[in-house]
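*Asks:* sequence unknown, structure follows:
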DNA sequence: CCATTCACATAACAAGTGTTGTGTGAATGT
DNA sequence: ACATTCACACAACACTTGTTATGTGAATGG
């Protein structure tokens, strides 16, 4: 072996950084071999040496995106409802880095929707994310911090909420500063922890004692 | 003028249809002059005759997208909360045509995020949409069907919710059939109303009017 | 020391893109 | 009837894209 494996890995990390920069600056469509090479101060020959085809680089970029999103400096999750809230906050573009990540995600949806293989991969990733949220929902319910109901459904709702909030914040960052994003999320969560539980009221016995659920102490 | 204005308009409508077909089939990135021309059974010369530049065609396509979305067969909006619900249902990809429209929207975000001019246009459109929702929120509040609170904030929340639901439904249509989408939305709306029947919608008639809506307690 | 192997650079290719110029037949105005 | 004007087709241009082939200097192994 002419070079050490450490060199190879280091170079690969350089490529990651270049890919990231290009995507952040020019979107997923702008992810081109020459753009990455230029960002890297190299030529396309380098890239074809590491990735046999463009598709390989795209898949690598998506893995990188997922990995960077997951390994983003996360909040130390609290317990119950606080843990759910933290998990949702991690999705929102509250910092410039998170905004970059979010923009890349959204811009990648175009290519993903046209590619069945990528599309199923995305579906899988989002399903996994919902499963993680679902666990926290169930935990919060056990603590009595969330209204009863199918955790999977509630998790899907929360996921939808933050996803849509991400999109809106990307297009109108001035209208959706971090503070407002957090506020909107908290309002949403507060609605899920209403004082009077809809499902706690038996339709045949509307005068029954409603289950007491205290409002969350969040923020 | 060699030809009647009617011909010109008719031809333009043909172009619209071709543009739409191309976007639905190959996404916003796949919107290319030759693809549209082929779909139209013509050459690129036709398109350059109607649109001086690619950008003009893109803007035309976006206008078409907005117009088709707005003029989509809409529900006859009810009063108060029902009107809000109808407005939100109109956003969801509940029918194949609506799914096409939604997919095109999402795939257009890539290009829009990289283009400041398009980006501000999107921000404006979404803001207008929120304003419309906001009015319905306020109306529902006046009827006592929704909890008090800033209508603009509640509208932003509902918009985020349906937007995110659209994205999830596009990537996992099997997991988010129309029935579940409606159910999720109704659960969300139920959370915004203090006292409302848990099942506001007949599962066999998801597009129908919500039933047995009870007035919330004023706290 | 020397053959080999790796890590690229260089350059060319074919395909696809938007754009532009030049035709051409048909409809129109007079 | 004739000149004009429109609505395209046709073809070429310059450019970008992914891909591929070939070269080359440096590190490595024996």
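*Replies:* Looks like it arrived, so ask away. It should be emphasised that the depicted structure is a prediction, and the values quoted were computed from it without experimental measurement.
*Asks:* CA only for contacts and neighbour counts going forward, please
*Replies:* Noted.
*Asks:* quick one: the most centrally placed residue in chain A from residue A:75, how far?
*Replies:* Nearest to the geometric centre of chain A sits residue A:91, at 4.2 Å (CA atoms, centre = their mean). Distance from residue A:91 to residue A:75, counting by CA to CA, to the nearest Å: 11 Å.
*Asks:* still on that earlier bit, could you pull up phi and psi at the residue nearest to the centre of chain A?
*Replies:* Phi and psi for residue A:91, reported as degrees, to the nearest 10, are phi -80, psi -30.
*Asks:* what separates the nearest residue to it once chain neighbours are set aside from residue A:49, distance-wise?
*Replies:* Spatially, and ignoring its direct neighbours in sequence, residue A:91 is nearest to residue A:162 (6.9 Å; CA to CA, 6 or more residues apart in numbering or on different chains). Distance, residue A:162 to residue A:49, by CA to CA: 39 Å.
*Asks:* Neighbour count: those two, which is higher?
*Replies:* Neighbours around residue A:162 and residue A:49, counted as other CA atoms under 10 Å in any protein chain shown, are more numerous at residue A:162. The numbers are 27 against 9.
*Asks:* Can you list the residue ranges for helices in chain A?
*Replies:* A:5-26, A:33-40, A:44-50, A:54-70, A:81-89, A:96-114, A:116-142, A:151-171, A:178-192 (DSSP state H).
*Asks:* got the contact list for the last one?
*Replies:* What that stands for is helix A:178-192. Under the criterion CA atoms under 8 Å, 6 or more residues apart in numbering or on different chains, residues A:85, A:89, A:92-95, A:146-147, A:161-162, A:165, A:169, A:215-216, A:218-219, B:153, B:156-157, B:191-192 lie in contact with helix A:178-192.
*Asks:* Quick check: mean pLDDT of that helix?
*Replies:* The average pLDDT for helix A:178-192 rounds to 97.
*Asks:* Tell me which residues touch the nearest residue to residue A:88 once chain neighbours are set aside, please.
*Replies:* Excluding the flanking residues, the one nearest residue A:88 by CA to CA, 6+ apart is residue A:162, at 6.7 Å. Contacts for residue A:162 (CA under 8 Å, 6+ apart) come out as A:88, A:91, A:92, A:185, B:160, B:161, B:164.
*Asks:* In a markdown table: those, plus distance to DNA strand C.
*Replies:* What follows is the contacts of residue A:162, written out as a markdown table (distance: CA to the nearest atom of the strand, whole Å):
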| residue | distance to DNA strand C |
| --- | --- |
| A:88 | 38 |
| A:91 | 34 |
| A:92 | 33 |
| A:185 | 40 |
| B:160 | 32 |
| B:161 | 33 |
| B:164 | 29 |
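*Asks:* circling back to that earlier point, out of the contacts of helix A:178-192, which are buried?
*Replies:* By neighbour count, with 16 or more other CA atoms under 10 Å in any protein chain shown, the contacts of helix A:178-192 hold A:85, A:89, A:92-94, A:146-147, A:161-162, A:165, A:169, A:216, B:153, B:156-157, B:191-192 as buried.
*Asks:* Need the pLDDT of the residue nearest to residue A:88.
*Replies:* Listed pLDDT for residue A:162 reads 98.
*Asks:* same question, residue A:204
*Replies:* pLDDT, read off for residue A:204, is 40.
*Asks:* ok, now residue A:1?
*Replies:* As summarised for this prediction, residue A:1 has a pLDDT of 45.
*Asks:* Also the one 4 residues further on?
*Replies:* The predicted structure scores residue A:5 at 54 on the pLDDT scale.
*Asks:* go on, residue A:213?
*Replies:* pLDDT, residue A:213: 38.
*Asks:* tell me the angle the least confident helix or strand in chain A by mean pLDDT makes with helix A:96-114.
*Replies:* In chain A, no helix or strand scores lower on mean pLDDT, DSSP states H and E than helix A:5-26, which sits at a mean of 87. With axes from the mean of the first three to the mean of the last three CA atoms, to 10 degrees as the basis, helix A:5-26 and helix A:96-114 are set at 80 degrees to each other.
*Asks:* is helix A:5-26 anywhere near DNA strand D?
*Replies:* No - residues of helix A:5-26 are not located near DNA strand D by CA under 7 Å from any atom of the strand, the shortest gap being 9.3 Å.
*Asks:* Name the residues that touch that helix?
*Replies:* Contact with helix A:5-26 is made by A:29-31, A:35-37, A:39-40, A:61, A:64, A:100-101, A:103-104, B:114, as judged by CA under 8 Å, 6+ apart.
*Asks:* Which one of those residues sits in the busiest neighbourhood?
*Replies:* residue A:103 (26 neighbours).
*Asks:* Check what pLDDT it gets.
*Replies:* 96.
*Asks:* do the same with residue A:76
*Replies:* As predicted, residue A:76 sits at a pLDDT of 78.
*Asks:* Contact partners for it?
*Replies:* residue A:86.
*Asks:* how close does residue A:138 get to residue A:149?
*Replies:* Taken as CA to CA, the span from residue A:138 to residue A:149 is 9 Å.
*Asks:* What of residue A:75?
*Replies:* As judged by CA to CA, residue A:75 and residue A:149 stand 26 Å apart.
*Asks:* can you check residue A:164 too?
*Replies:* Going from residue A:164 to residue A:149 by CA to CA gives 22 Å.
*Asks:* Looking at these two, which is more packed in?
*Replies:* residue A:164 (26 against 14).
*Asks:* my guess is that one meets residue B:164, correct?
*Replies:* Yes - counting by CA atoms under 8 Å, residue B:164 is a contact partner of residue A:164 at 3.8 Å.
*Asks:* how near is residue A:186 to DNA strand D?
*Replies:* For residue A:186, the distance to DNA strand D equals 41 Å [CA to the nearest atom of the strand, to the nearest Å].
*Asks:* Then residue A:173?
*Replies:* Per CA to the nearest atom of the strand, residue A:173 is found 28 Å from DNA strand D.
*Asks:* Number of residues surrounding that residue?
*Replies:* 17.
*Asks:* Got the phi and psi for it?
*Replies:* Dihedral angles (degrees, to the nearest 10) for residue A:173: phi -60, psi -30.
*Asks:* Wait, residue A:74 touches residue A:90, no?
*Replies:* Yes - using CA under 8 Å, residue A:74 is in contact with residue A:90, at 6.4 Å.
*Asks:* quick one, which of these two is more surrounded?
*Replies:* Neighbours per residue (other CA under 10 Å) separate residue A:74 from residue A:90, with residue A:90 holding more: 18 against 13.
*Asks:* Against chain B, how distant is the more buried one?
*Replies:* Using CA to the nearest CA, to the nearest Å, one gets 16 Å for the distance from residue A:90 to chain B.
*Asks:* OK, contacts around that residue?
*Replies:* A:74, A:75.
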